[in-house]
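Chemist: pasted the sequence and its predicted model underneath.
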Protein chains: 2
Amino acid sequence: MAKLKKAPRPKAQTPKGFRDYFGAEVTQRTEMLQAIAGVYHRYGFEALESAAVETVEALGKFLPDVDRPNEGVFAWQEFDEKDNGDWMALRYDLTAPLARVYAQHRNDLPTPYRRFAMGPVWRNEKPGPGRYRQFYQCDADTVGTASMAADAEICAMLSDTLEAVGIARGDYLVRVNNRKVLNGVLEAMGLAEGDGARDNVLRTIDKFDKVGEAGVRQLLTKGRLDASGAYIDGVGLSEEQAEPVIAFLTSKAADAAGTLANLRAAVGDSKVGAEGIAELEQIGALLAAGGYGPDRIEIDPSVVRGLGYYTGPVYEAELTFEILDEKGRKRQFGSVAGGGRYDDLVKRFTGQEVPATGVSIGVDRLLAALREKGRIAADPKGPVVVTVMDKARMADYQAMVAELRNAGIRAEVYLGNPKNFGNQLKYADKRNSPVAVIEGGDEKDKGVVQLKDLILGAKIAENATLEEWKTRPSQFEVPRDQLVARVREILDGQD
Amino acid sequence: MAKLKKAPRPKAQTPKGFRDYFGAEVTQRTEMLQAIAGVYHRYGFEALESAAVETVEALGKFLPDVDRPNEGVFAWQEFDEKDNGDWMALRYDLTAPLARVYAQHRNDLPTPYRRFAMGPVWRNEKPGPGRYRQFYQCDADTVGTASMAADAEICAMLSDTLEAVGIARGDYLVRVNNRKVLNGVLEAMGLAEGDGARDNVLRTIDKFDKVGEAGVRQLLTKGRLDASGAYIDGVGLSEEQAEPVIAFLTSKAADAAGTLANLRAAVGDSKVGAEGIAELEQIGALLAAGGYGPDRIEIDPSVVRGLGYYTGPVYEAELTFEILDEKGRKRQFGSVAGGGRYDDLVKRFTGQEVPATGVSIGVDRLLAALREKGRIAADPKGPVVVTVMDKARMADYQAMVAELRNAGIRAEVYLGNPKNFGNQLKYADKRNSPVAVIEGGDEKDKGVVQLKDLILGAKIAENATLEEWKTRPSQFEVPRDQLVARVREILDGQD
């Protein structure tokens, strides 16, 4: 018989832009999300888990009038005899599915509807370093109420959430602003909605963080010579016209009352501006009543990022401690969550405007912050490893791990080929195991086991003197019936 | 200007075969999965979360040599200028990704590698009632060891897991069998590998649950008249040839030793059969050493489901309590988990055979069982609702919910239009709220609040006498500063 040509072996590779998460990477994220869900639940928010797949029609990202779906989402056409199947896609965020769910189930859902959602979303974008095409989002939104109490509540919840996951008070600040105040400022400047200069002003405001007050002033008027020596054209406003923007950006005072007074001056007699300021006042009063002082939540008109998308209050949680950036320079950790009020959530589906406000937490950034602060271990302890000295006595070793596990101690028996004992210790090392248990024939006869403190052992191997090595042996014999108690002692001593 | 024709509104609908999960449906599943993960972790298993998306090449489900991907998976072609992009697909289980991950990372992973994974998988199948195209799987596998200790460990872990989530001892049984014993039986019958009759015998064995011993005997030999009156052709074996199969299927004795003796007789002098029996013996000894008696795990040769896929031990967890089926007849709840040993996990990728053994828990079935046993509430309590009697005093109400939440009590303030108080109580009802808090102007002046026990209220409304109604009022006044304590009293009383 002729030999069949073998098919080439498939490549064992994650698709481009995707990655695998192992061990603590998974459990630490899960634990953080569970802590967040606990706070959201206490606030009366209900979990919602929609499917990963939506119709493209419902997502509204693109219309399938071309063969090849637009970039941005992963999409495919449902099989259909007549090649006429629906286009489906992986969700790219958790807000578009919320809109669909609310429109679909609105008669069964309570109004207002407080919901939270956490899970992966997918973006069909060019992957880059640290930039993946699947990542987690964690959102909380209140749908169906225009009350500022909903916005205040989300700010309070955000503050509680950060403390619940392990960010200490003083290490974060929730900052609140209002899109309407900015609109008021633009009105005060004589820039009506639709005026092209408006967009230029907004873009300039977005640069405040980088170029500061003087820089913004130059960019709003004649232009500015930047650090590289290039001349950046200005928006072309007069100094007088630019003034309200500057007043707005620098309106933060020592307390909320002072800030609000400054904002009042900045918006002049703009009606929408006054409305925005009244909303900020309400939010401030509600938060004060709940005990959320300016050490946790404050009004800060310089919160401008993403402002364009929102219609009222906007808020952002910033971590205020310093870290070293990749070049070794100190900088603030920065934003880990943001959100605000938006009104067009379900209008696409029903024609009705439904007011909503919500926040999204940057899951990966918050996890990174917790590692930075030492709140979660970068390299957590593995299980106790029971080694196998005698393959025929596997049942003895199995009995040991069962005892340890029943006492709540994470433990495993070595399941590889036990011939080479060095391999077993290498395995324990790879597992980051804190303790190895050894029972050879001699120990069995004497009714004892050897315990090896692997963490102490590693320390001693690194830098102990001979004296220390003798006085604190990292391996010792204990009676077999004290196995659990003595392992626990070692584990407690290691913490 | 001519009016533009409006685009039709998109339909707010989940794609066919997908669904949304709300509130307790989500949190109860999450809690169950966390309890399972806790046991797996204690056993030394490491979490693994691979992406939802794999290359079709790695999944190995179909080759993209046609325009239209095969049914079975959701797949699409990666965009590429030359229309030559990779085909990608959503994972259809958690085993195929494990194979890819192990092959890709095998030099960095410990050997053996114990891993667990939980998450959604997707099947591009025709949806039906209760049959969805996205559902959860929860797997644990040990890769890289042929030791029976790995199989025994997974059986023990499965037993611990069921008890950890709330299935009482006595309400479940983990049953263990071995594919090699069945192969030994086929050998004893003179049916070599590749013999066409072998498949027919396997198919017949699969019917043992339905047709019993006598039925199997008929089907293996001359055939059988079934209940509908139709004649089912037999496999055509002689009575003598059929005997080992019957001996195998009915070999379960009062204890493991008896069962093993019966199996020994059934396989005659087949080498592979003897191997399988020795493996079962080893598993039994290891489990006994760990304290897992036949009230939790037993050897049962009638476990045949899915046997074809496996190469050694197979195991299944069955819930043994009775439920009523849709026609009101009593039946056992049945299987909630199953697994076994398989050897071709990474061979596709590397050419090497890597032995592995693993289990998969039916997440939805186990959740249904817990509801059936009352271990998780079918309709859990909602939050305490603080009603709004005076819109201008929202800060007062906000302070109340903050107090309640800080005391760990789930609470929310009504955020809808407060004008109609009836709507607020309807809202509390829809939220399944246990307590409503009411503070009007009079109460505020007197320094009190009204508490309404909504669960007692509903009971009284249903069937209380006037007497009861008077002696156990469901609404009463308490001092404002006792809000938290008195709400807690009501909640405790309701449990």
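Modeler: Right, received. Where do you want to start?
Chemist: neighbours around A:E49, how many?
Modeler: 22 (other C-beta atoms under 10 Å in any protein chain shown). Every C-beta, even on glycine, is put in place using the N, C-alpha and C of the backbone.
Chemist: list the beta-bridge partners for it.
Modeler: Counting by DSSP bridges, A:E49 is bridged to B:Y21.
Chemist: restricting to C-alpha, output stretch A:31-51 in CSV.
Modeler: Written as CSV, here are the backbone C-alpha positions of stretch A:31-51 (Å, rounded to 0.1, in the frame of the first residue of the first chain):
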residue,chain,number,x,y,z
GLU,A,31,-11.3,38.0,43.0
MET,A,32,-11.1,41.7,42.1
LEU,A,33,-14.2,41.5,40.0
GLN,A,34,-16.0,39.6,42.7
ALA,A,35,-15.1,42.4,45.2
ILE,A,36,-16.5,45.0,42.8
ALA,A,37,-19.6,42.9,42.2
GLY,A,38,-20.1,42.8,46.0
VAL,A,39,-20.2,46.6,46.2
TYR,A,40,-22.4,47.0,43.2
HIS,A,41,-24.8,44.4,44.6
ARG,A,42,-25.0,46.2,47.9
TYR,A,43,-26.0,49.3,46.0
GLY,A,44,-28.9,47.5,44.5
PHE,A,45,-27.4,46.9,41.0
GLU,A,46,-28.4,43.7,39.3
ALA,A,47,-26.0,41.5,37.3
LEU,A,48,-26.6,41.2,33.6
GLU,A,49,-24.8,38.8,31.3
SER,A,50,-25.7,39.0,27.7
ALA,A,51,-24.2,36.7,25.1
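Chemist: what residues sit buried inside it?
Modeler: For stretch A:31-51, burial by neighbour count (16 or more other C-beta atoms under 10 Å in any protein chain shown) applies to A:31-33, A:36-51.
Chemist: which ones among those lie within strands?
Modeler: Judged by DSSP state E, strands contain the following of these: A:46-49.
Chemist: what's the most distant pair in those residues?
Modeler: A:E46 and A:E49 (10.7 Å; C-beta to C-beta).
Chemist: returning to what we had before: let me have the ones in strands among the buried residues of stretch A:31-51 in TSV, extended by pLDDT.
Modeler: Output for those, formatted as TSV (pLDDT from 0 to 100):
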residue	pLDDT
A:E46	97
A:A47	97
A:L48	98
A:E49	98
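Chemist: pLDDT (mean, whole number) over the one helix or strand A:G457 maps to?
Modeler: Using DSSP states H and E, A:G457 maps to helix A:454-463. Averaging pLDDT along helix A:454-463 yields 82.
Chemist: ok, and for that helix, which residues are buried?
Modeler: A:454-457, A:460.
Chemist: restricting to C-alpha, output it in PDB.
Modeler: Taking only C-alpha atoms (Å, rounded to 0.1, in the frame of the first residue of the first chain), the coordinates of helix A:454-463 have been written out as PDB:
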ATOM      1  CA  LEU A 454      11.200  25.700  50.500                       C
ATOM      2  CA  ILE A 455      11.000  29.400  51.000                       C
ATOM      3  CA  LEU A 456      13.400  29.400  53.900                       C
ATOM      4  CA  GLY A 457      15.500  27.000  52.000                       C
ATOM      5  CA  ALA A 458      15.800  29.400  49.100                       C
ATOM      6  CA  LYS A 459      16.600  32.300  51.400                       C
ATOM      7  CA  ILE A 460      19.300  30.300  53.100                       C
ATOM      8  CA  ALA A 461      20.800  29.100  49.900                       C
ATOM      9  CA  GLU A 462      21.100  32.700  48.800                       C
ATOM     10  CA  ASN A 463      22.800  34.400  51.700                       C
END
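Chemist: what about it, distance to the chain center?
Modeler: 36 Å (C-alpha atoms, centre = their mean, to the nearest Å).
Chemist: is that helix anywhere near chain B?
Modeler: No. Judged by C-beta under 8 Å from any C-beta of the partner chain, helix A:454-463 makes no contact with chain B; its nearest approach is 14.3 Å.
Chemist: okay, domains of chain A per the record?
Modeler: For chain A, automatic domain parsing gives the domain ranges A:36-52+A:91-189+A:237-372, A:384-494.
Chemist: of those domains, flag the one that's most buried.
Modeler: Of all the domains of chain A, domain A:36-52+A:91-189+A:237-372 has the most neighbours on average by mean count of other C-beta atoms under 10 Å in any protein chain shown, namely a mean of 20.
Chemist: quick one on the thing from earlier: of the buried residues of helix A:454-463, closest to chain B?
Modeler: A:L454 (14.3 Å; C-beta to the nearest C-beta).
Chemist: the closest one contacts A:V437, doesn't it?
Modeler: No. Counting by C-beta atoms under 8 Å, A:L454 sits too far from A:V437 to count as a contact (10.8 Å).
Chemist: could you dump stretch A:343-350 to PDB, C-alpha only?
Modeler: Output in PDB follows, covering the C-alpha atoms of stretch A:343-350 (Å, rounded to 0.1, in the frame of the first residue of the first chain):
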ATOM      1  CA  ASP A 343     -29.200  60.100  26.700                       C
ATOM      2  CA  ASP A 344     -29.300  58.200  23.400                       C
ATOM      3  CA  LEU A 345     -29.000  54.700  24.800                       C
ATOM      4  CA  VAL A 346     -32.100  53.100  23.400                       C
ATOM      5  CA  LYS A 347     -33.300  55.800  21.000                       C
ATOM      6  CA  ARG A 348     -32.000  53.800  18.000                       C
ATOM      7  CA  PHE A 349     -34.300  51.000  18.800                       C
ATOM      8  CA  THR A 350     -37.500  52.600  20.200                       C
END
